[in-house]
Structure formats: C-alpha cells, structure tokens
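Undergrad: Attaching a predicted model along with its sequence, questions to come.
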Amino acid sequence: MTACIWCNVLDCINDVQYAINVDVGTPSTIGGNSIVYCSGQQQYSATSLRSTSYLWNIPPGFSTTSSTTSPTIQLQGGVLPTGSTASLALAVRCLDGTTSTLSKQITQSYSHPGAISEIQGDYAICGTTNNQFFVLPVDNTYQYRWRLIRSNGSIVRDWRYALTPEYLLLAGLQSGYYNLQAQAINGCGTSNLSETELYVKPLAQCPRSIVVNPSISVDSTTIANTNNSNKGFYSYYPSPASNEIAVDFLKDYSIAKVSIISLNGETVRSVHFLKESCGKLLCSDLVDGVYLLQISIDGRLFNERIQIRK
C-alpha cells in the first residue's frame with residue numbers, strides 16, 4: 001500500500017472550516033539493499049516530509065542500534081537461514097490521522113565479497129590536480145574502502161564508506177611515492193586487497209601555476225582572485241586569522257575538503273569533512289602571510305584569498 005499520498009487537514013479561520021489536500025509525498029517503497037550480509041548493518045529509509053510519525057517493525061532475530069520512530073533505520077543482521085526471507089515493515093501516520101504500512105522483503109546472505117580487480121588510473125600524477133581511480137564492481141558488496149599510504153607507512157587518506165567502486169583522489173598531495181589500496185566490504189568480511197604504487201611528481205615537473213578555474217591561479221608571487229563567488233555554498237572566518245579558520249557549509253553535501261595552500265603552491269593544511277555543518281583548520285603554527293583557502297564540495301572547487309597574522 002502506498003503511504004500518505006494525500007491527507008485531509010481542517011483549518012479553522014474565523015470559525016469557518018476549509019478542507020485542504022496536502023501532498024505529503026509518496027514513499028511507496030522502503031529504500032535499501034534487500035540483502036543483509038551476515039551480522040552486518042544495512043540502512044533503510046522511506047521519508048515523507050509531512051508525515052507525523054514513523055514506526056518500524058523489526059523482523060524476528062534482527063536488531064537495530066537506531067531509533068524505530070524515525071524515517072531511517074540501521075538494521076543489524078540476524079540469523080535467517082540461507083535463502084529464506086523476512087519482512088521489514090514501516091507504519092506511517094498521515095497528517096489526517098490515518099496510518100499506512102510499507103513493507104520490504106529482505107534475505108540474509110553468508111557470502112563474502114568476490115575478488116577485487118586491479119586498480120585502474122594514472123599512476124604518475126601531479127598533486128595539484130584531482131585524479132580518478134576505479135576497480136570493477138565486486139559481487140556481494142555494498143561498500144568499498146580506499147586508503148592512500150605514504151612510503152613510510154603513514155596513512156594519508158582513509159575513505160571507508162564509498163558506495164561505488166570509483167575513487168576521486170583530490171588535489172593537495174606532496175610529491176613522493178604512495179600506495180593506493182582498495183578493498184570490497186560486506187557484513188561477512190572483506191575481499192582481497194588490491195594495491196598499486198603511485199608517484200606524485202615534484203612541482204617542478206607540473207605546471208608552475210595551479211590553475212583552479214579560468215579566473216583563479218596561484219604562483220610564487222601573487223594570488224589572483226576575480227569573480228569567484230561561492231554561490232551560497234559556504235562562509236569562512238576570520239581573516240586575518242591567528243589560531244584557526246572556520247568554514248560553515250550552507251548547503252547539504254556528501255564530502256568536502258578544505259586546504260590551505262602557500263604562495264609557492266605547497267598544501268600546508270588539508271582536512272576532509274563528511275556531511276558536517278562546520279569545519280575548522282588550525283593555523284597557529286603557520287608563518288604569517290597570504291595563503292589560498294581552497295574549498296572542494298562534492299568535487300566543486302572554490303578559492304579564497306586569506307591572511308594569517310598572529
């Protein structure tokens with residue numbers, strides 16, 4: 001049954017009642033993977049913005065660590081026999097007081113992820129540009145983990161919850177050798193590890209200027225910044241800064257990266273954020289001067305001229 005397509009609401013104005021039809025959305029299905037792997041977790045949701053309440057009915061043997069009265073739930077794998085199914089149900093109450101029920105049939109699998117392929121992409125790159133890498137889709141998989149490790153063993157990037165087999169390696173890497181690793185994950189375990197060596201070229205072997213978009217460049221003497229509107233995506237403060245710089249993200253996003261880049265093109269600070277409303281970068285240890293504040297939001301680049309002064 002489709003939940004809450006239309007609800008009737010009575011609005012009293014000057015003792016006169018008006019019947020109003022309110023479109024509350026049509027969550028005709030519960031979104032989420034129909035397979036739960038071993039004791040792993042799966043997320044399910046059916047959002048209707050104008051519904052007044054939600055109540056999930058958890059199948060026997062399964063559990064959850066999240067609220068059963070919100071539009072989204074995390075379901076923990078149970079003990080279903082292989083090949084059998086269970087019903088996950090959601091009761092949605094409309095604005096008019098009526099209740100509709102959605103359901104989703106789920107099965108449990110005890111299969112580990114399949115073998116992962118070699119990582120594809122350019123293995124000699126410039127750290128001043130974004131670079132795309134990917135593996136072939138892996139059977140029995142709902143997540144991929146990508147890690148970038150320096151030759152000394154230190155982890156530079158660790159992206160654990162990628163839902164697709166592609167990975168966009170964002171700019172901001174220092175020159176040198178790295179290992180890029182990829183692994184498929186489900187609730188039963190992990191696949192084999194796919195690994196390749198990357199070489200990040202010295203700046204002298206890359207374009208001298210870091211061209212971010214046609215109106216912005218960074219070289220050893222100046223920062224040119226014209227017509228660089230953030231279009232309401234973020235705000236930042238303070239500038240000049242002494243101890244830290246804060247960035248407020250004004251729109252919903254998946255992944256963001258904020259970097260501080262010196263006039264000679266070196267990335268001196270870089271932090272990733274996942275769906276957070278505010279991010280902060282410490283700058284108290286940086287030398288006073290002019291820098292580029294580079295902000296990447298879901299692959300879209302913005303740049304600001306900032307000053308650090310203590």
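TA: Thanks, I have it.
Undergrad: Distance check, the spatially most central residue of the chain against Ser296.
TA: Centroid check for the chain by CA atoms, centre = their mean gives Ser254 as the closest residue, at 3.3 Å. Using CB to CB, to the nearest Å, we find Ser254 at a distance of 11 Å from Ser296. C-beta: built from backbone N, CA, C; applies to glycine.
Undergrad: low-scoring stretches of the stretch 101-250 of the chain, by residue?
TA: Low-confidence segments of the stretch 101-250 of the chain (pLDDT under 70): 207-231.
Undergrad: hmm, back to that, could you pull up the residues touching the residue nearest to the centre of the chain?
TA: Leu274, Lys275, Asp298 (CB atoms under 8 Å, 6 or more residues apart in numbering).
Undergrad: ok but Ala204 is inside a helix, no?
TA: Yes. Checked against DSSP: H, G, I helix; E, B strand; the rest coil, Ala204 lies within a helix.
Undergrad: Share the number of residues neighbouring it, please.
TA: For Ala204, the neighbour count with other CB atoms under 10 Å is 7.
Undergrad: Distance-wise, check it relative to Glu195.
TA: Ala204 is 28 Å from Glu195, by CB to CB.
Undergrad: How is this protein divided into domains?
TA: The record's domain parsing of the chain by automatic domain parsing lists 6-109, 124-204, 208-308.
Undergrad: Same list (those domains) but as TSV, adding distance to Ser117.
TA: Listed next are the domains of the chain as TSV, based on distance: least, CB to CB, whole Å:
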stretch	distance to Ser117
domain 6-109	20
domain 124-204	4
domain 208-308	24
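Undergrad: For Ile116, find the nearest of these.
TA: Each of the domains of the chain has some distance to Ile116 by CB to CB; the shortest is domain 124-204, at 4.5 Å.
Undergrad: Compare the domains of the chain and report which one is nearest to Ala115.
TA: Across the domains of the chain, Ala115 has its closest neighbour in domain 124-204 (5.8 Å, CB to CB).
Undergrad: which residue packs closest to Gly187, ignoring adjacent ones?
TA: Gly40 (1.5 Å; CB to CB, 6 or more residues apart in numbering).
Undergrad: Dihedrals phi and psi, that neighbour?
TA: Dihedral pair for Gly40: phi -70, psi 180, per degrees, to the nearest 10.
Undergrad: Can you tell me how far it is from His112?
TA: 11 Å.
Undergrad: what sits in contact with each of these two?
TA: Asn186, Cys188.
Undergrad: so who does Tyr298 touch?
TA: Careful, residue 298 is Asp; it's not Tyr. Contacts of Asp298 by CB under 8 Å, 6+ apart are Tyr253, Ser254, Ile255, Ala256.
Undergrad: Go ahead and report the secondary structure state at the residue nearest to the centre of the chain.
TA: coil.
Undergrad: Show the backbone phi and psi for it.
TA: According to degrees, to the nearest 10, Ser254 has phi -100, psi -50.
Undergrad: What of the one 4 residues further on?
TA: Main-chain torsions, Val258, degrees, to the nearest 10: phi -120, psi 130.
Undergrad: again with the one 10 residues further on
TA: Reported as degrees, to the nearest 10, the phi and psi values for Val268 are phi -100, psi -10.
Undergrad: for it, what are its contacts?
TA: Ile260, Ile261, Ser262, Leu286, Tyr291.
Undergrad: Please flag which of those residues sit within strands.
TA: Ile260, Ile261, Tyr291 (DSSP state E).
Undergrad: hang on, the second one packs against Gln294?
TA: Yes. With contact defined as CB atoms under 8 Å, Ile261 counts as touching Gln294 (5.7 Å).
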